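> sharing a model that was predicted from the sequence below.
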Amino acid sequence: MVSAEAGPLALVGGDELNPGNEPQDELLVRAAGDGPAYVIATAAARHHPKLAVANAQRWFGRLGLAVEELPALRRSDVRAPENVRRARSGRFFYIVGGDPGLVPSVLRESPLWDAVTAAWREGAALGGSSAGAMALGAWTLVRERHPGDARRRYAPALDLVPGIAIVPHFETFGHRWVDGASGAAPNDDVVLLGLDERTAAIWQDGGWTCLGAGGITIIRAGGRQRFASGDRLEGLPAPRETEPP
């Protein structure tokens, strides 16, 4: 079980930084207190990261929280001592969406990610949306062979929440990643967490809850369950108390 001192963790299904996300984002903002607050735009590194940061600053500013960018676009950023120092003192981190493969490849086994998770385990708020949420599971779903390929395969992620792969945008297009011949099927080793847009699985006080505008679908090899906002999510693994081996 993760430490009771850990802050809230939000896995968001996409369309972040827009109306409809208030329930989960206000929860994260409250947990931030008056400490440093950061947006991590790794997933947007190939597609207008400055715009992603500006959108986060606009949105969270409306909710009463001033956020800065924590540079993490390349491996040199996540090794830089000054960035690591800033992360270690952070009280709020939000990983925006973008490319599902980028966040694990840049952040995995880096001093900056170690600092972020250490701060979270000591009470900081941590959230990720779409590709940012996907990176927090054991696996992320990436295109099987090349850009435009409809098939998805499992690739190792940051493994903060073991045993799961996150499927964002579930009610719009994400369901196609797991349904039909081109889907990444569940198996005995993985639970698929289908998150609707503007909807989050929230870890807080020792359990998972569905919050937001839509619902959550948990898919196992034996079937699937659907949950509405406010429901407790049963059977999901707890986040890791320590770094994965």
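Looks like it came in fine. Computed from a predicted model, the values in this text were never measured in an experiment. Numbering: from 1, shown residues only.
> quick one: list the elements packing against the longest helix along the chain.
Longest helix of the chain, by residue count under DSSP state H: helix 49-62. Under the contact criterion of 3 or more CB pairs under 8 Å, 6 or more residues apart in numbering; DSSP states H and E, helix 49-62 touches helix 22-32, strand 37-40. Yep, even glycine has a C-beta here, placed from its N, CA and C like the rest.
> closest to residue 173 out of these?
Of all these, helix 22-32 sits nearest to residue 173, with 21.0 Å by CB to CB.
> helix or strand with the lowest mean pLDDT in the protein?
The weakest-scoring helix or strand in the chain, judged by mean pLDDT, DSSP states H and E, is strand 152-156 (a mean of 83).
> in its sheet, what does that strand sit against?
Applying DSSP bridges to the sheet, strand 152-156 is found paired with strand 137-143 (antiparallel).
> dump the residue contacts of the residue nearest the centre of the chain.
For the chain, the residue nearest the mean C-alpha position is residue 133 (2.1 Å; CA atoms, centre = their mean). Contact analysis of residue 133 by CB atoms under 8 Å, 6 or more residues apart in numbering lists 11, 12, 13, 95, 97, 127, 166, 168, 195.
> 6 Å instead, please
11, 12, 166 (CB atoms under 6 Å, 6 or more residues apart in numbering).
> could you export those residues as CSV, including secondary structure and neighbour count?
Listed next are these as CSV, based on DSSP: H, G, I helix; E, B strand; the rest coil; neighbours: other CB atoms under 10 Å:
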residue, secondary structure, neighbour count
11, strand, 31
12, strand, 33
166, strand, 31
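> which of those residues lies closest to residue 33?
Nearest to residue 33, judged by CB to CB, of the contacts of residue 133 is residue 12 at 20.8 Å.
> residues in contact with the closest one?
Counting by CB under 6 Å, 6+ apart, residue 12 touches 129, 133, 200.
> quick one, phi psi at the second one?
What it means is residue 133. phi -70, psi -40 (degrees, to the nearest 10).
> just residue 212 next, same as before
Taking degrees, to the nearest 10 as the convention, residue 212 sits at phi 120, psi -160.
> coming back round to it: specify the beta-bridge partners of the closest residue to the residue nearest to the centre of the chain other than its chain neighbours.
Distances taken as CB to CB, 6 or more residues apart in numbering put residue 11 closest to residue 133, at 4.3 Å, once the chain neighbours are dropped. Assessed by DSSP bridges, residue 11 has beta-bridge partners residue 128, residue 201.
> hmm, residue 11 is touching residue 203, no?
No - counting by CB atoms under 6 Å, residue 11 stays clear of residue 203, with 8.1 Å between them.
> would you mind measuring from residue 178 to residue 196?
Residue 178 sits 14 Å away from residue 196, going by CB to CB, to the nearest Å.
> who has more neighbours out of the two?
Applying other CB atoms under 10 Å to residue 178 and residue 196 shows that residue 196 carries more neighbours, namely 25 against 21.
> the nearest residue in space to that one that is not next to it in sequence: what's it in contact with?
Sequence neighbours aside, residue 214 is the residue nearest to residue 196 in space, at 2.9 Å (criterion: CB to CB, 6+ apart). Applying CB under 6 Å, 6+ apart to residue 214 gives the contacts 171, 196, 199.
> test my guess that the last one contacts residue 13.
In other words, residue 199. Yes - between residue 199 and residue 13 there is a contact under CB under 6 Å: 4.8 Å.
> just the strands in this structure please.
Per DSSP state E, the chain carries strands over the ranges 9-12, 37-40, 68-69, 92-95, 125-129, 137-143, 152-156, 161-167, 191-195, 199-204, 207-212, 215-220, 223-228, 232-233.
> mind exporting the fifth one as CSV, just the C-alpha atoms?
Once side chains and other backbone atoms are set aside, the C-alpha atoms of strand 125-129 remain, and they are given as CSV (Å, rounded to 0.1, in the frame of the first residue of the first chain):
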residue,chain,number,x,y,z
ALA,A,125,-0.4,16.5,-6.2
LEU,A,126,0.3,14.6,-9.4
GLY,A,127,-1.9,14.4,-12.5
GLY,A,128,-1.6,13.2,-16.1
SER,A,129,-4.0,13.5,-19.0
